[in-house]
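> Turn this into a structure:
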Amino acid sequence: MPLRPTLAPNPLACFEQAVDTLDVCAPAPVVVQRLLAVLLDGRASWVELERTLAVDGGLVARVLRLASTSAFCARQVTNLRYAVQALGSDQLRRVVVAAQFAGRGTRFTRALWAYALRVACTSDALARHAASSPSADPFLCGLLHDVGTMALERFLGPSYTRAGFVPGDDAQPQIERDAFGFDHSDVGALVAARWRLFPELGPVAQFHHEPDVAGARALARTTRAAIDLVALARAVTAPRRPDALDPDALDPDELGPDALGPGVLGPEAAPLCERLGIDPAEALARGVEGVHLAGELIAGLC
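Just a heads-up that it's a prediction; the model follows:
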């Protein structure tokens, strides 16, 4: 996918070769790529899936811990074979990718992973209520939408994390462009193209801050739906009113159209809800669900 013009002449050139071998997290996502390929092959057996995963002991340990959380299996999973069979192919794909990117390392990395999990869980919850659903897994779209931030944090280190934003900050793209001449959405599209995890990841990584711009591109309807879901998940998991995600304070029957007011979600949520066919109060309720579920996942790895 072509990248948007940036403020500096060809500022991404230095990343082109680096991204091919970029160790965004340890280990590199080779096992995930192989597993997704095996899962796409309808003839693959559970034994093949287990063998694909078993080459990375650290990843297996994280898979077992995540699989035991209420978000996935809700009971103790003690061995890989049981996890593979109990989860099923769809949940296994989610668990493996989530385990691969589990928050470790710096404080910024852990905050980024927690934010990505909130968006992932909320994207999945929103998809169940959307009139227009994406073809890609909404959980994985949400989890990896900020893959450009992951790459830049790894590649630039403190000079990047001290630029003055927190993960999910609406001001992040402009801060990055002012400081570096490009933003994480540019790099995210590049990383997605190199990794080839699934085709929708590139557009989601590039346009999650600008879903309306994506509408002007020749993208499939289901790809635009994936972008809109992630953009709406970002809005409802970071509401402008602090108590908006308090389940004791949230009454969907009373919120009505006021849930889209600037005091809660901001005006950008209105067209997203309209395009996806989701009631605004329902969207905010799914934000509550996503934040709580992400908390359970984080607790499962601590």
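
> Now do the same contact list for residue 221.
Applying CB atoms under 8 Å, 6 or more residues apart in numbering, we find residue 221 in contact with residue 132. All C-beta spots, glycine's among them, are computed from the backbone N, C-alpha and C.

> Renumber starting at 749 from here on
In the new numbering, first residue 749, that becomes residue 969.

> mind checking how far it is from residue 975?
11 Å (CB to CB, to the nearest Å).

> number of nearby residues for the spatially closest residue to residue 967 that is not a sequence neighbour?
Using CB to CB, 6 or more residues apart in numbering and skipping residues adjacent in sequence, the residue nearest residue 967 is residue 951, 5.9 Å away. Using other CB atoms under 10 Å, residue 951 has 22 other residues around it.

> Now residue 951: which helix or strand?
helix 949-955 (DSSP states H and E).

> mind listing what's buried in that helix?
Within helix 949-955, the residues scored as buried using 16 or more other CB atoms under 10 Å are 949, 950, 951, 952, 953, 954, 955.

> Report the residue ranges of every domain in the protein.
Under the assignment automatic domain parsing, the domains of the chain span 771-848, 853-1050.

> Export the ones you listed as JSON lines, with columns for mean pLDDT.
Listed next are the domains of the chain as JSON lines, based on pLDDT from 0 to 100:
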{"stretch": "domain 771-848", "mean pLDDT": "77"}
{"stretch": "domain 853-1050", "mean pLDDT": "82"}
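
> most packed of those?
Greatest average neighbour count among the domains of the chain goes to domain 853-1050 (a mean of 20), per mean count of other CB atoms under 10 Å.

> what sits against residue 781?
Taking CB under 8 Å, 6+ apart as the test, what residue 781 contacts is 943, 944, 945.

> Following element in sequence after whatever helix or strand it lives in, please.
If you go by DSSP H and E, residue 781 is part of helix 778-788. Next helix or strand after helix 778-788 toward the C-terminus (DSSP H and E): helix 794-802.

> My understanding was that residue 971 contacts residue 949; is that so?
No: counting by CB atoms under 8 Å, residue 971 does not reach residue 949; the two are 10.1 Å apart.

> tell me, what's touching these two both at once?
Common contact partners of residue 971 and residue 949 (CB under 8 Å, 6+ apart): residue 884.

> quick one: stretch 894-901 to chain centroid distance?
11 Å (CA atoms, centre = their mean, to the nearest Å).

> residues making contact with that stretch?
Stretch 894-901 has contacts (CB under 8 Å, 6+ apart) with 763, 767, 770, 772-773, 849, 854, 856-857, 860, 863-864, 867, 908-909, 915-916, 920, 924, 931-940, 943, 949, 953, 956.
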